[in-house]
Structure formats: C-alpha cells, structure tokens
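>>> Generate a structure from the sequence data that follows.
(chains A and B, ligands or ions: 2)
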Amino acid sequence: MLSFIGRSFVQKIITLFFVSIVSFLIIHLAPGKPSQVDPMNPKFTPEVVERFRKEFHLDKPLYVQYVYFYQDLFTGKTVSWKDNQSVLKKIWERFLNSLPLFIVGTLLTWTLSFPVGIRSAIFRKGIFDRTATFLSYLLISIPGFFFAYVLIIFVVTRFHVPVIGMVTFGIGDASIPYILMDRIWHMLLPSVLVATGGIAVLSRYVRSQMLEVEGQDYIRTARAKGLPPEQVHYKHALRNALLPFVTMFGLILPGLIGGSVIIESIFSWPGMGRMAYEAILARDYPIILTVNFVSAVLVLAGTFISDLLYLIVDPRIRL
Amino acid sequence: MADDNRLISVQGLKVYFRSGHACARAVDGVSFEVRKKETVCIVGESGCGKTVSALSILGLVTTPPGEIIDGRIVFAGQNLLELSEKEMQKIRGNHIAMVFQEPLTSLNPVFTIGDQISEAVRIHKKIGAESLREKCIRLLKDVGIPAPEQRLEDYPHQLSGGQRQRVMIAMALACDPDLIIADEPTTALDVTVQAQILELFGAIQKKQSMSILYITHDLGVVAAIADRVYVMYAGMIAEQGNTEQIFRNARHPYTQGLLASLPSLSKRGKRLYSIPGSVPNPAYKPAGCPFHPRCPHKAPSCSTEYPKMCDYGQGHLARCPILFQDKGHHT
Ligand SMILES: Nc1ncnc2c1ncn2[C@@H]1O[C@H](COP(=O)(O)OP(=O)(O)OP(=O)(O)O)[C@@H](O)[C@H]1O
Ligand SMILES: [Mg+2]
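Ligands and ions are numbered 1, 2, ... in the order given. Presented below is the predicted three-dimensional model:
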C-alpha cells in the first residue's frame, strides 16, 4: 500500500520532469518571438530588443535557458516579460479570482448531474428521462458563447443588473450587503454557464454508467434476495456506478486553469484562463510556461488523488 | 399424488419478448409443479426457455422487453403473478430463493461476502448483530467453505468460482426457503467442482427438507439428483415423468434423441448420435409441433397441429401423439 503510493509519487515526479522539457521545447518551437510581437511599436528599436534578449537570456542556447527558467521558477524569481511583475504573484491573484467561479460551477455540476443521471437511468424512457435527454443534447449542441449572449441579454434587459466583470466598476464605498449582492450577481451567470455545460455532459455519463450497472448479474441477485428497489438502486447499483467517477473527480483539478477560458473572456472575468490566453498572444513565455507547469502539477496531483481514492473505494485494487 | 403435497405449480405460463416487430415466444405454455421435499429437474438445450421460466416464478423477467402473457404460478395458495411488487419482495429470498448460472458475475464486487449474506438474512428476519454474524458463519460452514470466520471479510474476487457458487448457495439458504431454484449452477465450473456442488445440493436437501428446482442441460446431472424430470424444448414441455420413466422409457422423440446422444461406455468407438438440425429461433418457431423439422417420426399432421400431451400413466406424459398411437395407447 505505502509502496504503491511511493511508486505512484515517484512516477508522477518523473512525468513532471518530462512535461517541463516538452512544454519548454514546444513554446520555443512555436512561430513568433517575444521580441517580434509588435515590430511596428516605435519603442522596439534594435538596441532595446538586443538588451531585452540579453536580460532574459534569450541569446543563450536552449538548455541553458531551460535551466535558468526552472531555477527562477523554483526560487520564485520568475517575472513576466510584459510588466516585470512576479509571475507567481500574478498567477496567485488570478487563481483567487478563478476559484469562486470554479468552486460554484463544480459544486453545481456535481451535485445536480448525479440526481439527474441516476433518476434518468432508473426511470429510463420515462418523461423525466426524455426531458433530461432532450435538454442535455440541446445544451451540448448550442455553442457556449452563443448561449452566454442569450443569457446576458435576457438577464440585463429583464433584471437590469450588471453581469460583466467581477464587480460593478466604481462601487468602492457602497455598503457591505450591497457589494455582496453585486458580487453574487456577477458570479451567477458565469457559474451557471459553467455548470449547465458540465451537467449536460456529466449527467449523460452518469446515466449510461448507471444503466450499464443495472444490467449486471449482481443486480438480479440483489433483487432475487427480496431487497426493495431503493436498496437495489442506491446501494448495489450506485456503489458500482460511482467507481469511474472517482477518476474523473481527480481530473477536475486542472479545470481550475483551462476550464473556463471562453467564459472568462466573454464576461471579462480576470481569471487564470484568460491570463494564460492573453500571455500566449503576447508570447509572454514565463507566464505561459509557469501556467503550463502549474497545470501539469494539477493534472498529476489529480491523478494521484484518483489513484488513492480508487484504492479506497474499489476492493479489487489492493496492493 | 395428493394436492396438498404440492409446493408450487406453474400452469400454462407464456412469456414473450418483443423487440420491434419480432416476438420471441421464449416460454410458450409451460406447466410444471414441484412437490414438497422433491428435487425436480428441468432439462433442455440452450435457449429453450429454462431461465426465463425460473425468473418468471420470482417475478424477475425484465419488462420490457419481456412480458408474461398468460398463466398462473400458484404458491402457498396464491397466484404469484397477481401479487404486487411489495408482496413479491417478501417471497423472494424468503420463501423462494435462486442460485444463478454465472457465479463469477452474480456477486456484487464491491461488498464483502459477509455483507452480502447477512443482507439476505436481515431483509427478511429480525436478528441481532451478534447472532447475525454467527448465522453467516454457520451458513458458510454448511456450504463447505473452509475457515468461514476469515472469509466473511473477503470480497468476491478473492474466491474461486466454486467458492463463489457456494457463497451464492449460502445466500439462497439464508432464510431457509421452501424452494431453491438452481439455474445451471455448475455450468461455469469444472467437473470436480461440479460434482462437489451437486453433492452439496443433495446434502442440503436431506438435512433441511426443502424442495429444489434444478435447471440443467446435462442429462448426467439429471440422472444423479432428480426425482422427477421435465424435458423442455423450444418453450414447451416435451415430456415429463420420474427419472426412471424418462431414462428407461422415453416417449418423446426429442427425449429419445437426447438420450441417444449421451456418450457411454457401450457406445465406445461408434459415432455419437446427434439430433439433426438446430434449435429454432424463438421468434420464428415452426407451426405445429416445434420439434417436427428435426423429428425422425414426423407425420403430415405434425406441421399443422400443436401436439397434445399424451398420458402414459403414473405421471409420465409426453407431447407426441404419433408415438402414442404407434404404441397402441388409444384412449
Ligand atoms: N432479456 C431478453 N431479451 C430478449 N429476449 C430474451 C431475453 N431473455 C431471454 N430471451 C429469449 O428467451 C429465450 C430463452 O432464453 P433462456 O435464457 O430462458 O434460455 P435457457 O434455456 O436458460 O438457455 P441457457 O441454457 O443458455 O441458459 C432466448 O432464446 C431468447 O430469445
Ligand atoms: Mg439459462
């Protein structure tokens, strides 16, 4: 058991090392250079570019750059090329902005998908199931940005509340409850949008998983014992149907970064996804690479957690 | 045989499976009965409707696509087909228990053996935690699981196929049912384990005096354990009688064919007989007698008239009027 955890951990570290190399290479293979982003900008004279290249070691061979970069990263000295601010600090701020959206979205998704999916499976082909199926496919097939605009127009014209950004601009000295309500209104649409997309997909998955388990022989055994339907569904079937979601649960962690780029852009939400997106456009390598590294860490941490959870919930995995 | 000796009787059971336009008549007018303390075998080829018949007794046929069209299943003075789901729950496991064909997949992989057995007891009987544990241990001991105390905490994947089937049997025995339905419990197991499980059924029956409805496709098993036999073909009962009558004096061409295809020492070196043709698809059964395309004795009437049951006396019946007339049993 402990050796399994240790082995899994070492594996993840090795993976992380290769990820760091590959992502570094990919960034540098990509067309465009930081010094070329805006050749028309009069401030970018050849001398400035040269100084810039020296300062950020861009004139050194790649492997040296690699060492410099990760050295800086681990000592917390990495700075953005755009504004010379500490990357870790910037990411942390953006992370704190993304967090509430992520938490509310994820909570809504997971708490609603399961009841919907399970009910659809148990009363398969009933009215509830048909409605849920229709709505899911509708939500899956409507592009998120389009749905977002429909919702924005609806909410703004109907309730006359501001929904863009995290807070209403210039609200500074209002009373606490007022600021709180303002915050909640701003949270509402983006998290509902994150959640509807999530529920549409996840509830389908829960339903098919549940249906598959309901057809297993051990469910027939459970019924043959004389168990009431509730125990058959919620004990014998559900426990098995939940197993694959344990893996998925570990994998929602990386959603913290890339999960809502589009939605953050639509709502001008100053979160991680949007920062990464802007950094890519600006060829701001330190930010891109750091975000990349952090997502890799989150993915690996997520799979590590999944492994541990599997160990706990699935008796067939005992090492 | 007096009526009060009868434990369960299935009368004219019809179970059809619909899918699209096709309708598979899986069980098509089957009648059989099991008396108290009796071991009855239903024997027949794969797909003839044995499992569906058994599941109908417990009300476990999946509907849709399955549908019980007609028939009565009388148990303890009531027609099981008319009971509500709640009332059936009190019968399942408690009065009628079932052991399934596939021991490898019939136990829930995420619960311990102890969990699954004690659940079977708890659902029907009020019992304290301590005596429940003792009861589980005794059940496991009864079905021949060594060191049952330690096995309680095991998960199904930690047991062999034979042991899992023993656990299934222990679960079936949990509430001392009146009838155990065993649906090919040894088909998935190797021969030595099969012999042990058969022995176990014999021992259980002697000790607890319950009735067993044993479903199999293996005439060897039938010879070993049955008091009475029903031979089933394509959703109908082709012949019924006690073991002696069926093995020594078979009166239906299908039963005769099955017996002729049994390997035995006296037939060594000769080519084994096999019934020509194959089992009809239950959705497209031939008109008249479903066996007639494969039958060596077929007459013109066989393809038009559904055969009547012909009585040879002493509970021996066969659904073949042709052989009945040949032997001069005119009535
Ligand atoms: N769930 C189902 N859906 C559709 N058809 C079914 C279903 N279950 C059974 N059938 C039909 O009923 C027929 C009889 O099946 P059954 O399982 O009773 O056979 P069996 O005699 O138990 O065979 P085996 O020896 O292989 O277990 C099958 O041929 C099949 O066409
Ligand atoms: Mg079967």
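>>> Which positions within stretch A:91-106 qualify as buried?
Across stretch A:91-106, burial judged by 16 or more other CB atoms under 10 Å in any protein chain shown covers A:91, A:94-95, A:97-98, A:100-102, A:104-106. Glycine gets a C-beta too; all of them are placed from N, C-alpha and C.
>>> And stretch A:276-287, by the same measure?
Those would be A:276-277, A:279-280, A:282-287, for stretch A:276-287 by 16+ other CB under 10 Å.
>>> Give me the subset of these lying in helices.
Within those, residues falling in helices by DSSP state H are A:276-277, A:279-280, A:285-287.
>>> between those, which is closest to residue A:45?
When those are ranked by distance to residue A:45 (CB to CB), residue A:285 comes first, at 21.3 Å.
>>> Spatially nearest residue to the closest one, not counting backbone neighbours?
residue A:27 (5.9 Å; CB to CB, 6 or more residues apart in numbering or on different chains).
>>> does that neighbour belong to a helix or a strand, and which?
helix A:2-29 (DSSP states H and E).
>>> What is the subsequent helix or strand relative to that helix?
Criterion used, DSSP H and E; the element after helix A:2-29 is helix A:46-55.
>>> Pull out the buried positions in that next one.
Applying 16+ other CB under 10 Å to helix A:46-55 flags residue A:49 as buried.
>>> residues from the stretch 151-300 of chain B in reach of ligand 1?
Counting by CB under 6 Å from any ligand atom, the residues of the stretch 151-300 of chain B close to ligand 1 are B:217, B:282.
>>> residue in the stretch 151-300 of chain B nearest to ligand 1?
Ligand 1 sits closest to residue B:282 of the stretch 151-300 of chain B, with a gap of 4.6 Å, by CB to the nearest ligand atom.
>>> what does the stretch 51-200 of chain B give?
residue B:51 (3.1 Å).
>>> That residue - that's part of a helix, no?
Yes: assessed by DSSP: H, G, I helix; E, B strand; the rest coil, residue B:51 belongs to a helix.
>>> Could you list the buried residues of stretch B:142-153?
For stretch B:142-153, by 16+ other CB under 10 Å, it's B:142-145, B:148, B:151-152.
>>> do that stretch and chain A meet?
No: judged by CB under 8 Å from any CB of the partner chain, stretch B:142-153 stays clear of chain A, getting no closer than 10.1 Å.
>>> can you give me the mean pLDDT across that stretch?
When pLDDT is averaged along stretch B:142-153, the result is 89.
>>> Sort out which residues of the host helix or strand of residue A:181 are buried, please.
Applying DSSP H and E as the criterion places residue A:181 in helix A:176-214. For helix A:176-214, burial by neighbour count (16+ other CB under 10 Å) applies to A:182, A:185-200, A:202-204, A:206-207, A:209-211, A:213-214.
>>> Look through the stretch 101-250 of chain A and state the residue closest to ligand 1.
Closest point on the stretch 101-250 of chain A to ligand 1, by CB to the nearest ligand atom, is residue A:215, at 9.3 Å.
>>> burial measure for that residue, as a count.
10 (other CB atoms under 10 Å in any protein chain shown).
>>> Report pLDDT for it.
Looking at residue A:215, the pLDDT reads 90.
>>> and what of residue B:202?
86.
>>> what's around the closest residue in space to residue B:94 that isn't next to it in sequence, how many residues?
Residue nearest to residue B:94 in three dimensions, not counting chain neighbours: residue B:124, with 4.2 Å by CB to CB, 6+ apart. Residues lying near residue B:124 (other CB under 10 Å) number 20.
>>> just the helices in the stretch 201-331 of chain B please.
B:219-225, B:243-248, B:253-260, B:321-326 (DSSP state H, counting those that start in this stretch).
>>> Identify, out of those, the most deeply packed stretch.
Counting by mean count of other CB atoms under 10 Å in any protein chain shown, helix B:253-260 has the highest mean neighbour count of the helices of the stretch 201-331 of chain B, with a mean of 21.
>>> Residue B:65 is in contact with residue B:20, isn't it?
No: using CB atoms under 8 Å, residue B:65 is not in contact with residue B:20; the gap is 9.7 Å.
>>> between the two, which one's more packed in?
Between residue B:65 and residue B:20, counting by other CB under 10 Å, residue B:65 is the more crowded of the two (14 against 6).
>>> show me what contacts the residue of the stretch 151-300 of chain B closest to ligand 1?
B:17, B:24-26, B:47, B:49, B:234-235 (CB atoms under 8 Å, 6 or more residues apart in numbering or on different chains).
>>> Now do the same for the residue nearest to it when sequence neighbours are not counted: helix, strand or coil?
With sequence-adjacent residues excluded and distances taken as CB to CB, 6+ apart, residue B:282 is closest to residue B:24, at 4.0 Å. Recorded secondary structure, residue B:24: strand (three-state DSSP).
>>> Residue B:33 now?
Reduced to three states by three-state DSSP, residue B:33 is strand.
>>> Show me what it is bridged to.
residue B:9 (DSSP bridges).
>>> Repeat that for residue B:28.
residue B:14.
>>> what's around it, how many residues?
21.
>>> Same question for residue B:123.
20.
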